[in-house]
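> task: produce atomic coordinates for the following.
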Amino acid sequence: MGESPIEMAIEPELRGNTLRVYWYMLTSNESVGVREVQRALNMSSPSVASHHLTKLVSLDLVEQLSDNTYKVKQIVKVGVLQNFIGFRGRFLPRYAFVAMFFTSYTLAYLVLSFIAPPNIYDRYIALAIGVVGALFAWWESYRLWKIKLS
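Numbering: from 1, shown residues only. Take a look at the predicted model:
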């Protein structure tokens, strides 16, 4: 997947605290005020929060409403945001779905193996595939979640 020219221009600007503010707004699903952003992200002053909100407005990602609150205007997937998928109002690491698949696979296999016992080698191979797949996917999901705002 190639990035559009707009995303390539935005990516260098959408880092650090500006990215944190944008992430907060994406996950809040409603308009936010300067003080709300300051408190939620533990910023030193309202002017710092205002600076980052103004920067997001200039990037055309956020719009300022008449009541001096801000709401997301456009969602872009640049930088670390490329590793997350919007699902029911939340942003989840893309590997979370793979992790859920392998975890379900392994649990279903364990249940089915009690109903109709497979050959002993089939059991080891199937369990190894399920466990390794689930561990890898959960590890990657955790790793992405930890770096989401760096």
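> what helices or strands is the lengthiest helix in the chain leaning on?
Looking across the chain with DSSP state H, the single longest helix is helix 120-147. If you count contacts as 3 or more CB pairs under 8 Å, 6 or more residues apart in numbering; DSSP states H and E, helix 120-147 packs onto strand 90-93, helix 95-115. Quick note: C-beta positions are derived from backbone N, CA and C, even for glycine.
> list the buried residues in it.
Neighbour-count burial for helix 120-147, counted by 16 or more other CB atoms under 10 Å, picks out 126, 130, 133-134, 137-138, 140-141, 144-145.
> out of those residues, who's nearest Trp23?
Distance to Trp23, by CB to CB, is smallest for Trp145 among the buried residues of helix 120-147, at 11.7 Å.
> quick check: Leu65 touching Val32?
No. With contact defined as CB atoms under 8 Å, Leu65 does not reach Val32; the gap is 10.1 Å.
> between the two, which contacts overlap?
Contact criterion CB atoms under 8 Å, 6 or more residues apart in numbering; residues shared by Leu65 and Val32: Lys71.
> higher neighbour count, these two?
Neighbour tally, Leu65 and Val32, criterion other CB atoms under 10 Å: the higher count belongs to Val32, 20 against 11.
> tell me the spacing between the residue lying farthest from the centre of the chain and Ala126.
Most distant residue from the mean C-alpha position of the chain: Asn119, 40.7 Å away (CA atoms, centre = their mean). Look at Asn119 and Ala126: by CB to CB, to the nearest Å, they are 10 Å apart.
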